[in-house]
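Chemist: build the 3D model from these lines:
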Amino acid sequence: MVVYRNIQNTHRPTTASLTLVIKVGTSSICDEVSHYPLLGNLSRIVETIIQLKRLGHRVVLVTSAAVGTGLRRLNLSEKPKKLASIQAIAAVGQGRLMSMYDDLFGQFNQPVAQILLTRNDLADRSQYLNAVNCLEELLDMGVVPIINENDSISVKEIKFGDNDTLSAIAAGMVKADYLFLMTDVDCLYTDNPRSNPDARPVLVCDDIEQLKDQIKVSAPGSSLGTGGMITKLVAADLATAAGVTTVIARGATPENIMPIIDPLVTDSKKIPLHTRFVAKPQPLMDRKWWILHGLHTAGTVYVESNITDAIHDGQVDNDLFAHSISKVEGTFVEHQAVNLVVQHKDSQGLVDNITIAKGIVNYSSAEIMRIMLAKESNIIDSLGYKDASCIINRDNMAISL
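Modeler: Next up, the predicted model:
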């Protein structure tokens, strides 16, 4: 990985039309103290999207600030801690937020569409495909989809956690060429540049895991938002795994998107400062990516170390059977997703849990434990019935290591 290098000639080959997902955080939309909308920023974002569309690109906008807008609408000074109150404020703010976007885009006769999602909406494969088809149809119609998490009904179990993660999932759903994470700094730094004058900008990254060992990203998000720089690294990891080049750039200057994606710009001095995460050369197929990132993880299945022999070049060669399982953790039912974990002892005898894959189980946690305790190779002998010949089919298993 080259962390501090010139970004010249790092553009991916492009055709006339690209699919772009632009994520805008709360700090770019609402004032952190007064909660008043930053109309100048919003107008520049809208004008940038209009310019991109005139150049023939397809654009999806992922927006935050439903809670911040709701606080202003209700004349509240700070976000409450009670979940129901936050949900109610988000319900008030979401309508106002969409009204502002509709007014601004309406000045250019540009239609927009509201898409509210929770992780639960994508957990079912048919619902996930319906969401994908809806987004594709909107883009084909020339509409700008505006996506936000459905905070008015979201709880911890079905939340994406933050809109950085949601934008990465949206980028994978529409098979985007670029994901732009617009924030309050120009790019990712090795440390907080406000407190450390020796902090250096990270220009290009092709190995996020190695990068995490070289930088400090402990700063949280704003008082209104839920993210921070660490969530952007997580989002970049998800998006690049789906083959999406991910960029961290300053939200106050969205017009910088144009030179960043322009393949004709070869002079690095003309390219605004930003961080580019290079897309994986062999992205996960849609179904495998959905299993890894679209499904809620309901439990953990610990497997024997020899199961790693079934993983070769990122592919699973065999189904997972009960005799390869050492322990089951959590309560789950059939057709839910679980992590597959291998326990590894280091030189000091400390046990390290390594997640190697995620898969959709054919049996519940209770049924798997009954099969294990019976020590029978025939599932019918253990349960009295047989819904599948294995615990997880290889087609329902996605490698995470």
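
Chemist: the domain parsing of the chain - what is it?
Modeler: 19-284, 297-399 (the TED database).

Chemist: quick check: which of these is buried the most?
Modeler: Across these, the average number of neighbours (mean count of other Cβ atoms under 10 Å) peaks for domain 19-284, which reaches a mean of 18. C-beta: built from backbone N, CA, C; applies to glycine.

Chemist: what sits against the residue lying closest to T253 once chain neighbours are set aside?
Modeler: In space, and not counting its chain neighbours, T253 is closest to P272: 7.0 Å by Cβ to Cβ, 6 or more residues apart in numbering. Listed by Cβ atoms under 8 Å, 6 or more residues apart in numbering, the contact partners of P272 are 186, 249-250, 253, 256, 259-260.

Chemist: please flag which of those sit within helices.
Modeler: 259-260 (DSSP state H).

Chemist: tell me the least confident of the contacts of P272?
Modeler: Among the contacts of P272, D186 carries the lowest pLDDT, at 88.

Chemist: contact partners for it?
Modeler: 201, 249-250, 272-274 are the contacts of D186 under Cβ under 8 Å, 6+ apart.

Chemist: ok, V62 next?
Modeler: 21-24, 146-148, 163, 166-167, 170.

Chemist: export those to CSV and append columns for distance to A176, pLDDT and secondary structure.
Modeler: Converted to CSV, the contacts of V62 look like this (distance: Cβ to Cβ, whole Å; pLDDT from 0 to 100; DSSP: H, G, I helix; E, B strand; the rest coil):
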residue, distance to A176, pLDDT, secondary structure
V21, 5, 98, strand
I22, 10, 97, strand
K23, 11, 95, strand
V24, 15, 93, strand
I146, 15, 97, strand
I147, 12, 96, strand
N148, 17, 92, strand
N163, 15, 85, helix
L166, 13, 90, helix
S167, 9, 93, helix
A170, 8, 93, helix
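
Chemist: show me which of those is closest to K81.
Modeler: N163 (20.3 Å; Cβ to Cβ).

Chemist: quickly find the element holding G93.
Modeler: helix 83-106 (DSSP states H and E).

Chemist: what's the first helix or strand after that helix?
Modeler: In N-to-C order, the element after helix 83-106 by DSSP H and E is strand 112-117.

Chemist: where do the helices sit along this protein?
Modeler: Under DSSP H, the chain gives helices at 39-54, 66-73, 83-106, 119-123, 125-140, 163-173, 208-212, 229-241, 257-261, 286-293, 365-374, 379-383.

Chemist: I would like the residues contacting the first one, please.
Modeler: Okay, so that is helix 39-54. 20, 22, 24, 28-29, 59, 61, 100-101, 104-105, 107-108, 110, 142, 144, 182, 251-255, 257-258.

Chemist: and the helix holding G93, C-alpha only, in CSV?
Modeler: What follows is helix 83-106, C-alpha atoms only, in CSV (Å, rounded to 0.1, in the frame of the first residue of the first chain):
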residue,chain,number,x,y,z
LEU,A,83,-35.1,6.7,21.7
ALA,A,84,-38.8,7.4,21.1
SER,A,85,-38.1,11.2,21.3
ILE,A,86,-35.3,10.9,18.7
GLN,A,87,-37.6,8.8,16.4
ALA,A,88,-40.4,11.4,16.7
ILE,A,89,-38.0,14.3,16.0
ALA,A,90,-36.6,12.4,13.0
ALA,A,91,-40.2,11.9,11.7
VAL,A,92,-40.8,15.7,11.8
GLY,A,93,-37.4,16.5,10.3
GLN,A,94,-37.5,14.0,7.4
GLY,A,95,-40.5,15.7,5.8
ARG,A,96,-38.9,19.1,6.2
LEU,A,97,-35.6,17.9,4.8
MET,A,98,-37.2,16.4,1.7
SER,A,99,-39.1,19.6,1.3
MET,A,100,-35.9,21.6,1.2
TYR,A,101,-34.3,19.2,-1.3
ASP,A,102,-37.5,19.2,-3.5
ASP,A,103,-37.5,23.1,-3.5
LEU,A,104,-33.9,23.3,-4.5
PHE,A,105,-33.9,20.6,-7.2
GLY,A,106,-37.3,22.0,-8.4
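
Chemist: my guess is S152 meets A88, correct?
Modeler: Yes - taking contacts as Cβ atoms under 8 Å, S152 lies within contact range of A88: 7.4 Å.

Chemist: joint contacts of these two?
Modeler: With Cβ under 8 Å, 6+ apart, S152 and A88 have no common neighbours.

Chemist: and M182, what are its bridge partners?
Modeler: V24, A249 (DSSP bridges).

Chemist: which residues touch T63?
Modeler: 23-24, 29, 97, 101, 146-148, 163.

Chemist: residue ranges with poor pLDDT in the chain?
Modeler: 1-16, 154-161, 217-228, 263-269, 307-317, 346-349, 375-378, 380-381, 401 (pLDDT under 70).

Chemist: now do 50
Modeler: 1-2, 4-15, 157-158, 219-227, 312-315 (pLDDT under 50).

Chemist: and the helix holding G93 with helix 39-54, angle?
Modeler: 60 degrees (axes from the mean of the first three to the mean of the last three Cα atoms, to 10 degrees).

Chemist: what's in contact with helix 83-106?
Modeler: 29, 37, 39, 42-43, 46, 49-50, 61, 63, 65-74, 76, 79-80, 111-112, 114, 116, 144, 146, 148, 151-155.

Chemist: make it 7 Å
Modeler: 37, 42-43, 46, 63, 65-71, 73-74, 79-80, 112, 114, 144, 146, 148, 151-153 (Cβ atoms under 7 Å, 6 or more residues apart in numbering).

Chemist: kindly report the same for stretch 22-31.
Modeler: 37-38, 41-42, 45, 59, 61-65, 68-69, 163-164, 167, 180-184, 222, 224-225, 227, 251-252.
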